[in-house]
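Trainee: need a 3D model of the sequence below.
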Amino acid sequence: MNQEIKARWFAIVTNMGVLIGLILVIFQMQQDRNLLRATLTNDFYSSYIDADTIFAGENLPAVYEKSLLDPKNLSIGEMRVMEAQTFAPINRWINLYRLSEAGIVDDSFWKTQVDLDTLYYLGNP
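Mentor: Numbers count the residues shown, from 1 in each chain. Alright, predicted model coming up:
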């Protein structure tokens, strides 16, 4: 009888331990998801810096100014620099959309970023 009571209490304690372990695993998964979200959002913003850094050695301000003032006389190299500058935000939009589809960022977040970039690159709609 005494052995049976000990076995039942042992089963109860071990089951509670398993339950507490499962709860801790759920909390850990939540923290991992939040960390992944922060990492991917940080990578998104780092892509802005990377795109500008890549072309900083290409004399981007002068090429950008020439593309605004005299676009018909751009060299092939200057056209390529401007093409890359134009493609960079489109690539970021695609990445943000993918993050939204995966549920990592809110749908409104990527739409807001597209709206902000559109105003910056294309002017007022």
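Trainee: show me the shaky parts of the chain.
Mentor: For the chain, the stretches flagged by pLDDT under 70 are 1, 48-49, 51-53, 55-58, 124-125.
Trainee: show me the helices in it, by range?
Mentor: 2-56, 60-69, 76-101, 107-122 (DSSP state H).
Trainee: which of these is buried the deepest?
Mentor: Highest mean neighbour count of the helices of the chain: helix 76-101, a mean of 15 (counted as mean count of other C-beta atoms under 10 Å). Any C-beta I mention is one placed from the backbone N, CA and C, and that applies to glycine too.
Trainee: packing partners for that helix?
Mentor: Counting by 3 or more C-beta pairs under 8 Å, 6 or more residues apart in numbering; DSSP states H and E, the packing neighbours recorded for helix 76-101 are helix 2-56, helix 60-69, helix 107-122.
Trainee: and the ones you listed as CSV, adding distance to I90?
Mentor: Formatted as CSV, the helices and strands packed on helix 76-101 follow (distance: least, C-beta to C-beta, whole Å):
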stretch, distance to I90
helix 2-56, 11
helix 60-69, 17
helix 107-122, 9
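Trainee: ok, which of these comes nearest T86?
Mentor: If you check each of the helices and strands packed on helix 76-101 against T86 by C-beta to C-beta, helix 107-122 wins as the nearest, at 7.3 Å.
Trainee: who are the packing partners of that closest one?
Mentor: Counting contacts by 3+ C-beta pairs under 8 Å, 6+ apart, helix 107-122 is packed against helix 76-101.
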